[in-house]
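build the 3D model from these lines:
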Amino acid sequence: MPVKRTQLSREQKARYLARAQELRAAGLDCEVPGEWHESSCGLDIFVAPPEGNILCELPNGVTAYAIYVHLVSLRSNFRVENCGIVSDWDSESIVLCSNQGGLYSVGSACEFTEHDALNPRLEEGLHFHHVGDVAEGWVVANGLKPIPDRYRNWMITKISLTFTDQFGHDYSAQAEATLQRSARLRDSDVPVQRSQAAALRAGMPGPGASEPGRPRGCVAQPERATAP
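Below is the predicted model of the structure:
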């Protein structure tokens, strides 16, 4: 005897929405209920605390960004095709770093291998095959606009990340990083930030355990300053 569903679960709505969008993209006339869009969310985003991220100004005015993220898919056959980064002073010039001899680096500020950086997977289209699939690593980028003088050394600074899926939907997160106005990070800085990102990884919740984009603190937070 046929079973009539009176209500779909969140996962079922997301799965049916993805299929309906694929059919519409293929040119088929497929009606998509509005409530499916309202309840749909494809990606949970968790970011490292300020001390686990890198924000550094180089002598030539280039700004180095390295944000550690942990992504959890809430849908199957889900693909992230782009990632954008915006700061309070730069909304246009920040771009993801490309592969340079197997490394992703910004001058002398930071350097990551293909294994540590999320950039190579984003370049190819970050594909999540199943609900609950995880991807994590450093999003490494550089910006050409100098940091305004009102942002002081060691200031906790906000950075916005936006991931875009195959349907053009955006998923945003607010990250924070400790600004370092130095020509070069101290040799001890990056290992400390790596260990703090590892601490984030060890205490990472499963899908749906926290709001998407909510920064996850794993160490004591320093006092935040506010730019005038």
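
residue 54 and residue 129, how far apart?
Going from residue 54 to residue 129 by CB to CB, to the nearest Å gives 30 Å. Placement of C-beta: from N, CA and C, glycine included.

between those two, point out the one with more neighbours.
In this view residue 54 and residue 129 are compared by other CB atoms under 10 Å, and residue 54 has more residues nearby, 25 against 10.

give me the three-state assignment for the residue lying closest to the more buried one once chain neighbours are set aside.
The shortest distance from residue 54 to any non-neighbouring residue, by CB to CB, 6 or more residues apart in numbering, is to residue 66 (3.8 Å). Following DSSP: H, G, I helix; E, B strand; the rest coil, we place residue 66 in the strand state.

now do the end-to-end distance for stretch 149-159.
Start and end residues of stretch 149-159 are separated by 17 Å (CA to CA, to the nearest Å).

what residues sit buried inside it?
Within stretch 149-159, the residues that count as buried by 16 or more other CB atoms under 10 Å are 151, 155-157, 159.

could you do stretch 47-59 as well?
47-58.

state the mean pLDDT of it.
Stretch 47-59 shows a mean pLDDT of 91.

among the buried residues of stretch 47-59, which are in strands?
47, 54-57 (DSSP state E).

now tabulate the residues you listed in CSV and tack on distance to residue 111.
As requested, those are exported to CSV (distance: CB to CB, whole Å):
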residue, distance to residue 111
47, 20
54, 11
55, 15
56, 12
57, 17
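
contacts only, for the residue nearest to residue 54.
53-54, 106, 110, 112, 138-141 (CB atoms under 8 Å, 6 or more residues apart in numbering).

still on that earlier bit, of the buried residues of stretch 47-59, just say which sits nearest to residue 99.
Residue 99 has its nearest neighbour among the buried residues of stretch 47-59 in residue 54, at 18.5 Å by CB to CB.

for the closest one, give its distance to residue 110.
Per CB to CB, residue 54 is found 5 Å from residue 110.

mind listing the helices for the protein?
For the chain, the helices defined by DSSP state H occupy 10-25, 34-39, 119-124, 189-202.

tell me the buried residues in stretch 169-181?
Neighbour-count burial for stretch 169-181, counted by 16+ other CB under 10 Å, picks out 171, 173, 175-180.

so which of the residues you listed belong to strands?
Using DSSP E, the buried residues of stretch 169-181 in strands are 171, 173, 175-180.

switch those over to JSON lines; also include distance to residue 62 and pLDDT.
Output for those, formatted as JSON lines (distance: CB to CB, whole Å; pLDDT from 0 to 100):
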{"residue": "171", "distance to residue 62": "27", "pLDDT": "92"}
{"residue": "173", "distance to residue 62": "24", "pLDDT": "92"}
{"residue": "175", "distance to residue 62": "19", "pLDDT": "94"}
{"residue": "176", "distance to residue 62": "21", "pLDDT": "94"}
{"residue": "177", "distance to residue 62": "16", "pLDDT": "93"}
{"residue": "178", "distance to residue 62": "18", "pLDDT": "91"}
{"residue": "179", "distance to residue 62": "14", "pLDDT": "91"}
{"residue": "180", "distance to residue 62": "13", "pLDDT": "89"}
